[in-house]
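Visitor: Just to be clear, the model below is a prediction. Sequence and coordinates:
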Amino acid sequence: MVKPSRSLWIARGGDVSWTELRNPRAHRVVYEDAIVHKGKVFAVESSGSIYSWDIRGGSGACSDPEELRPPHVDFCELRLQWESWKLAESVDGHRLLLACMYGEQVKRRRFNIHSNGDKYLEFVAEGVRLYERDVDAGPGDGWSPVTCLGDQSLFLGANYPFFARVVDDQASSSDSDRQWRLVRPNCVCFAEGQLFRSWEYDVEVFDLGASCCGLTAGT
């Protein structure tokens, strides 16, 4: 998702139009990300709560969604005030992944052909917490923290999430290899929904193997 939305629409192969998913009745929501996992649409809203619609039977879009509560994240411990949520699948496709990007809102100025120094707030991630859950398991099986992705790295952003196997070749000295050395195995790579931001980089890389998972590098 490029930006948060109050509604979600789906279209299957062969559909001639889009179908709106029914929002939960209890309160208004702002969805931050959505994926398809095990035949269901999962969407995470700004509080971290996750809603799912079973679309395998064709009528799930019209029914009330099921809710999954997020894992507990102690933001007082992190000493940061803002968070952004993203969804993904595990490498084997068996588990739902929830990424909590935490950071700050930073004041920026926009300079382009449409504006001359307009002020706005931009989310800058400082770290990530990654969790996984088997959505088919019983209610007693909750979220588990993910601390190792092996030789894979997870890429999150406005487009659909994906994993990629990364070769950690720190010994190479070529200019092209040195440019890509910032992307290593066992990392979460986060790109905002826009390019050419006012910040110094477009992608933030977080190493899950670090003792304190924070910003590793940007490009």
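Guide: Structure received.
Visitor: Need the pLDDT of Tyr31.
Guide: Tyr31 carries a pLDDT value of 92.
Visitor: so which strand or helix has the nearest residue to it once chain neighbours are set aside?
Guide: The shortest distance from Tyr31 to any non-neighbouring residue, by CB to CB, 6 or more residues apart in numbering, is to Ala43 (4.6 Å). In short, each C-beta sits where N, CA and C put it, glycine included. Element membership of Ala43 [criterion: DSSP states H and E] is strand 40-45.
Visitor: who touches that strand?
Guide: With contacts defined as CB atoms under 8 Å, 6 or more residues apart in numbering, strand 40-45 is touched by 8, 10, 21, 29-36, 50-56, 60, 65, 68, 70, 85-87, 96, 98, 135.
Visitor: redo that, cut-off 7 Å
Guide: By CB atoms under 7 Å, 6 or more residues apart in numbering, the surrounding residues in contact with strand 40-45 are 8, 10, 21, 29-35, 50-55, 85, 87, 96, 98.
Visitor: Give me the buried subset of the residues you listed.
Guide: The neighbour count (16 or more other CB atoms under 10 Å) marks 8, 10, 21, 29, 31-35, 50-55, 85, 87, 96, 98 as buried among the contacts of strand 40-45.
Visitor: Averaged pLDDT, the helix or strand just after the strand holding Ala43. What do you get?
Guide: Counting by DSSP H and E, the next helix or strand C-terminal to strand 40-45 is strand 50-54. On average, the pLDDT along strand 50-54 is 93.
Visitor: Kind regards, and thank you for your time.
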